[in-house]
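# The following block contains a protein sequence and its predicted model.
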Amino acid sequence: MASGAPVREIQEETKCPICLEYLRDPVTIKCGHNFCQVCITQYCEKWAELDSEPLCCPSCRARIPKGTLRKNCQLANIAEKIKDLDFKPGKENLCERHGKALDLFCDEDWEAVCVVCWRSSEHRSHTVLLVEEAAQKYKEKIQAHLKTLREEREKLLGFKMTREGKRREYQKQTETERQKIVSEFQQLRQFLEEQERLLLAQLEKLDEEIVKIHNENITKLSEEISRLSELISEMEGKCQKPASEFLQVRLLALEYTGQGRASLPHIC
């Protein structure tokens, strides 16, 4: 009968894609898929040991950022209730007590019932739905929850894209500033190097002028010292002459030295 199909669909929605059993302590990852906490934890650990690539979802291969596993209590309750129904192949549509088709579902007791069960005192006051309606009802709840999770995922993806855009913008700004600083300091270094060459050239020229003036002065002083030494020798020689001869050359000596009469004793 077709009534078992929606039930099986709900069962599949509440099974772990890794162990294929009903979800135990289900957790939701960023892409929206759900797994047993133990299964996805072991999966992540094995991935870290065997693969150097970024961690990916076993179902859709989307990246799983660290620290994004979130417990899904609502899905855990639904999975537990679906598990309690215990639909078995070949028996899901037959009541064990009455042998009638299990076409109805007791919303309070969370179990499939037949028409006889429904009319009994056990379920008469309960809300009873057709299995298809009950399956659709809880499937819609799961879909609504999945929609919320997907919307949250899209929101986080949008936030991530915004953050990445800002990061690229900041990197572009810092790169522009870095190039500006490098360019300015390069120009400054060129200016300082040019100033250094100019000042060193001026200093070298000044040093050459100082050496030149010094050499000229030394030369003049040496010439003057030599001239004075000759004059001293000559004067000393004349001073050694006899008085009569000395007086004859006195006038010539005074004229040569350019001194007056009063300086004659100093010369002698």
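Good, I have the coordinates. Numbering: from 1, shown residues only.
# where's the closest residue to R153 other than its chain neighbours relative to R167, distance?
In space, and not counting its chain neighbours, R153 is closest to G32: 5.2 Å by C-beta to C-beta, 6 or more residues apart in numbering. C-beta coordinates here come from the backbone N, C-alpha and C atoms, glycine included. From G32 across to R167, the span is 25 Å (C-beta to C-beta, to the nearest Å).
# Please identify which of these two sits among more neighbours.
Set G32 next to R167 and count neighbours by other C-beta atoms under 10 Å: G32 wins out with 19 against 10.
# which helices and strands does the strand or helix carrying E151 pack with?
Using DSSP states H and E, E151 maps to helix 131-239. Under the contact definition 3 or more C-beta pairs under 8 Å, 6 or more residues apart in numbering; DSSP states H and E, helix 131-239 sits against helix 4-13, helix 73-85, strand 104-106, helix 243-257.
# relative to helix 131-239, how tilted is the second one?
In other words, helix 73-85. 140 degrees (axes from the mean of the first three to the mean of the last three C-alpha atoms, to 10 degrees).
# May I have helix 73-85 as PDB, with CA atoms only?
Only the C-alpha atoms of helix 73-85 are listed here, as PDB (Å, rounded to 0.1, in the frame of the first residue of the first chain):
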ATOM      1  CA  CYS A  73      17.300  19.000  20.200                       C
ATOM      2  CA  GLN A  74      14.100  19.300  18.200                       C
ATOM      3  CA  LEU A  75      15.400  16.800  15.600                       C
ATOM      4  CA  ALA A  76      16.500  14.500  18.300                       C
ATOM      5  CA  ASN A  77      13.000  14.400  19.700                       C
ATOM      6  CA  ILE A  78      11.500  13.700  16.300                       C
ATOM      7  CA  ALA A  79      14.000  11.000  15.500                       C
ATOM      8  CA  GLU A  80      13.300   9.300  18.900                       C
ATOM      9  CA  LYS A  81       9.600   9.300  18.200                       C
ATOM     10  CA  ILE A  82      10.000   8.000  14.700                       C
ATOM     11  CA  LYS A  83      12.200   5.300  16.100                       C
ATOM     12  CA  ASP A  84       9.600   4.300  18.600                       C
ATOM     13  CA  LEU A  85       7.100   3.700  15.800                       C
END
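# Pull out the buried residues from it.
75-76, 78-79, 82-83, 85 (16 or more other C-beta atoms under 10 Å).
# from the residues you listed, which is closest to I142?
The shortest approach to I142 among those belongs to I78, at 6.5 Å (C-beta to C-beta).
# tell me the contacts of that closest one?
14, 138, 141-142 (C-beta atoms under 8 Å, 6 or more residues apart in numbering).
# Quick check: it vs Q143, distance?
Taking C-beta to C-beta, one finds I78 at 12 Å from Q143.
# Please apply the same query to I40.
Distance of I40 to Q143, given as C-beta to C-beta: 22 Å.
# Which one of those two is surrounded by more residues?
Ranked by neighbour count (other C-beta under 10 Å), I40 and Q143 place I40 first, with 23 against 13.
# Can you tell me what sits against the helix or strand where that one lies?
Assigned by DSSP H and E, I40 belongs to helix 37-50. Contacts to helix 37-50, defined as C-beta under 8 Å, 6+ apart, come from residues 16, 18-19, 24-27, 29, 35, 55-56, 58, 64, 69, 71.
# Following the chain past that helix, name the next helix or strand.
By DSSP H and E, the next helix or strand past helix 37-50 is strand 70-71.
# Lovely, talk soon.
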